[in-house]
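[1] my questions are about this predicted structure, shown below with the sequence.
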Amino acid sequence: MPTPAPSSRRLAWPSLRNLRWASGLVLWTYVALHLANHAVGLVSLAAAEAVRGAVHAGWATLPGTLVLYGALATHLAMACVAVWQRRSLRMPAIEALRLALGLALPLLLAGHAVGTRFTHDWLGVEPTYARVVRAIWTPEGLTLQWLLLTASWTHGCLGLHLALRARPAWRRWQPLLLTGAVLLPVLAALGVLALARELQWLALPPSPRPTPGGAAAAGALTDHLRMGWLLALAALLGLRWAWDATRQWRRGGPITLRYPDRAVQVPRGFSVLEASRAHGIAHLSRCGGRARCSTCRVRVHAAPGDLPPPGRDERQTLARVQAPPDVRLACQLRPRGDATVTPLLPADAATPHAPALAVHEEREVAILFVDLRRWSGLAERQWPFDLAWVLDQYFARVGAAVQASGGLANQFVGDSVMAIFGLQTDLPTACRQAVQAAALIEARMDAWGESFAAQFGHALDFGMGLHAGRVAVGRVGWGESTTFSAVGEVVNTASRLQDYSKVAGARLVLSLQAARGAGVERALGMPVEVAVRGRSQPLEVLHVPHPARQWPPG
């Protein structure tokens, strides 16, 4: 009989990216609690000591110790893996700063860890605030503490920023988060100063101190930890050099990577992103080469066997963006032989239309399409100059209404206008702005319609489609003919809804999702399902009848 299939799926081991992320979050939480505890010193020594006892009690338990030191060991191991994988030191300044701080932290942390945890667990000296503040109240001690505080907090915050900066929620709350990130260490420093001042006025008994033998052991342990870390890094770099030299000797010389504008030679083992940076080729990468953001992806062609299969982190990210088989992440791909690579996202940092956005960032927006009706009939009877004047008037009215409502009219093609809402706001606000713009467009077009009919003997009519959701925004085009636009299913659907407004006899057809975001779904009646070309599932939509009056509802 055949062996029955297992009824449950096997648990997968965490990926390197997940290990780095989880261990980093634990350490960042520990540092944040540490700084917050110092800031309580602004209240009083007793309050800071009470908070320290509560926080220390959690970390001092067996589970807390395993989590904390396990996270520390894992994060250090991930740092060694990152050093081992790196073939080039060319990188953006923010990544270089984060890496340098991470490698320097063990040197700064050794003295602090030995002076607190070691003296408590092995020498029986309680690391109270009174003892710790008195111990560090020297120029050398204060300098080391401020360096440790600044380096650890900056490294952690940079790691969070690089991992999350592509997410709309992070960008939306970034000013507040930056304020908190700057304010917390400042309050912690002021708290330590307040504790030192309070200790000068309190007649406290001398704090227990380690015996001379214990102090000597603590100092020796600190030196050994620092020297061990330096030797480990030196050994790692030496092994890396020896491994690369051996592999180059066994597998041949460098490989050639052909970009659209030139070809470069790099040693085997270089990632495509490292190759780009080593040769000064602009290459977008928003997450620091962690396989998170997909902005570095390239289309690649090579001989069979010259491209290693993607790892789990890369597979997950490529699946998220629905990349075809010939697309890989440049930060993860290390070709074994010659290859042709084409970066898919331009490396420009910003656009004049939306200076706060990087090119091809994902955002949740509302897309509004506006289209003139009966344009072909008008074009048959009017001179081209008259038609150009009509389009100028039409574009001016629609563009001004979109701008007044907080949106960006970014495409004027034929007799259609596309507008984006939500480049600087959340999605519900974007939907409300789009509905407001549609109402304003209708009012201005109706006001123009009477004089237009008298002048051209032709009724003026139009239709609109509105949908909301996640898109990629950035510059598209070629050469100097690039424009700021949005790309994705939401754009296609909004365009189809504008087409459907002809069939529905409506001024505006909007998706139920956009109506809910704007808060007008109840005032527009019951939604209907519409089969939209390009979508596998029907879409629920609402109609604003033609001609629409007294709206947006509210």
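    Everything's here; your move. Residues are numbered from 1 along each chain as shown.

[2] just the strands in this protein please.
    With DSSP state E applied, the chain shows strands at 255-258, 263-266, 297-302, 327-329, 339-343, 361-372, 408-413, 416-421, 462-476, 483-487, 506-511, 528-530, 539-545, listed in chain order.

[3] to Ala32, which of these lies closest?
    Closest of those to Ala32 is strand 361-372, at 27.4 Å (criterion: Cβ to Cβ). C-beta here means a position set from N, CA and C on the backbone, and glycine is covered the same way.

[4] now do the closest one: distance to the chain's middle.
    Computed by Cα atoms, centre = their mean, to the nearest Å, the separation of strand 361-372 from the middle of its chain amounts to 21 Å.

[5] that one: partners in the sheet, and parallel or antiparallel?
    The strands beside strand 361-372 in its sheet (DSSP bridges) come out as strand 416-421 (antiparallel), strand 462-476 (antiparallel).

[6] that strand vs strand 483-487, what angle?
    100 degrees (axes from the mean of the first three to the mean of the last three Cα atoms, to 10 degrees).

[7] in PDB, list the C-alpha atoms belonging to strand 361-372.
    The C-alpha trace of strand 361-372 is given here as PDB (Å, rounded to 0.1, in the frame of the first residue of the first chain):
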ATOM      1  CA  GLU A 361       7.100  53.300  -4.300                       C
ATOM      2  CA  GLU A 362       4.000  51.300  -3.400                       C
ATOM      3  CA  ARG A 363       1.200  53.400  -2.000                       C
ATOM      4  CA  GLU A 364      -2.500  53.100  -1.400                       C
ATOM      5  CA  VAL A 365      -4.200  55.800  -3.600                       C
ATOM      6  CA  ALA A 366      -7.500  56.700  -5.300                       C
ATOM      7  CA  ILE A 367      -7.400  56.900  -9.100                       C
ATOM      8  CA  LEU A 368     -10.000  59.000 -11.000                       C
ATOM      9  CA  PHE A 369     -10.400  58.900 -14.700                       C
ATOM     10  CA  VAL A 370     -12.300  61.600 -16.600                       C
ATOM     11  CA  ASP A 371     -13.300  61.300 -20.300                       C
ATOM     12  CA  LEU A 372     -15.100  63.600 -22.700                       C
END
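
[8] the residue nearest to Arg171 when sequence neighbours are not counted: how many residues sit nearby?
    Of all residues not flanking Arg171 in the chain, Arg165 sits nearest, at 6.9 Å (Cβ to Cβ, 6 or more residues apart in numbering). Neighbourhood size, Arg165 [other Cβ atoms under 10 Å]: 18.

[9] what residues are up against Arg165?
    Applying Cβ atoms under 8 Å, 6 or more residues apart in numbering to Arg165 gives the contacts Arg171, Gln174, Arg286, Cys287.

[10] are any of those residues buried, and if so which?
    Neighbour counting over the contacts of Arg165 (16 or more other Cβ atoms under 10 Å) leaves Arg171, Arg286, Cys287 as the buried ones.

[11] one step back: export the strands paired with strand 361-372 as CSV, with columns for distance to Pro185 and mean neighbour count.
    Putting the strands paired with strand 361-372 into CSV (distance: least, Cβ to Cβ, whole Å; neighbours: other Cβ atoms under 10 Å) gives the following:
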stretch, distance to Pro185, mean neighbour count
strand 416-421, 38, 25
strand 462-476, 34, 24
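
[12] what's the closest of those to Ala151?
    Closest among the strands paired with strand 361-372, using Cβ to Cβ: strand 462-476, at 34.4 Å.

[13] quick one: average pLDDT of the closest one?
    For strand 462-476, mean pLDDT rounds to 87.

[14] ok now that strand, how far from the chain's centre?
    That offset, for strand 462-476, works out to 21 Å (Cα atoms, centre = their mean).

[15] in the stretch 351-500 of the chain, mark out all the helices, start to finish.
    Here the stretch 351-500 of the chain has its helices, by DSSP state H, counting those that start in this stretch, at 375-381, 384-404, 427-456, 489-504.

[16] sorry, slip of the keys, the one I care about is the stretch 151-300 of the chain.
    Using DSSP H, counting those that start in this stretch, helices in the stretch 151-300 of the chain cover 168-201, 212-251, 272-278.

[17] could you tell me the least trusted of those?
    Among the helices of the stretch 151-300 of the chain, helix 212-251 scores lowest, at a mean of 75.

[18] give me the pLDDT for the residue nearest to Thr429 when sequence neighbours are not counted.
    Nearest residue to Thr429, sequence neighbours excluded (Cβ to Cβ, 6+ apart): Gly422, at 7.2 Å. Note on Gly422: pLDDT of 90.

[19] number of residues surrounding Gly422?
    27.

[20] with Leu510 instead?
    33.

[21] repeat for Gly414
    Residues within reach of Gly414, counting by other Cβ under 10 Å, total 9.

[22] and the gap between it and Ala396?
    To Ala396, Gly414 is 16 Å away according to Cβ to Cβ, to the nearest Å.

[23] now Leu466. Nearest residue, chain neighbours left out?
    Nearest one to Leu466, counting by Cβ to Cβ, 6+ apart, is Leu510 at 3.9 Å.

[24] apart from its chain neighbours, what residue comes closest to Leu225?
    Leu225 sits nearest to Ala110 (Cβ to Cβ, 6+ apart), 4.0 Å away.

[25] show me what contacts the one you found?
    Ala110 touches Thr222, Leu225, Arg226, Trp229, counting by Cβ under 8 Å, 6+ apart.

[26] at 6 Å what do you get?
    Thr222, Leu225, Arg226 (Cβ atoms under 6 Å, 6 or more residues apart in numbering).

[27] quick one: pLDDT of it?
    For Ala110, pLDDT reads 78.

[28] closest one to Pro538 out of the contacts of Arg165, please.
    Arg171 (32.9 Å).

[29] how close does the closest one sit to Trp84?
    33 Å.

[30] burial check on Gln85, number of neighbours?
    Gln85 has 16 nearby residues by other Cβ under 10 Å.

[31] can you tell me the closest non-neighbouring residue to it?
    The nearest residue in space to Gln85 (Cβ to Cβ, 6+ apart) is Ser271, at 8.0 Å.

[32] also Gly24?
    Gly24 sits nearest to Gly159 (Cβ to Cβ, 6+ apart), 5.4 Å away.

[33] what about stretch 495-505, distance to the chain center?
    That offset, for stretch 495-505, works out to 36 Å (Cα atoms, centre = their mean).

[34] show me which helix or strand of the chain is least confident by mean pLDDT.
    Sorting the helices and strands of the chain by mean pLDDT, DSSP states H and E puts helix 119-121 at the bottom, at a mean of 54.

[35] of all the helices of the stretch 351-500 of the chain, which one is nearest Tyr129?
    helix 427-456 (46.1 Å).

[36] gap between the closest one and the chain center?
    36 Å.

[37] could you say what helices and strands it packs with?
    strand 361-372, helix 384-404, strand 416-421, strand 462-476, helix 512-518 (3 or more Cβ pairs under 6 Å, 6 or more residues apart in numbering; DSSP states H and E).

[38] burial count for His161?
    Residues near His161, counting by other Cβ under 10 Å: 17.
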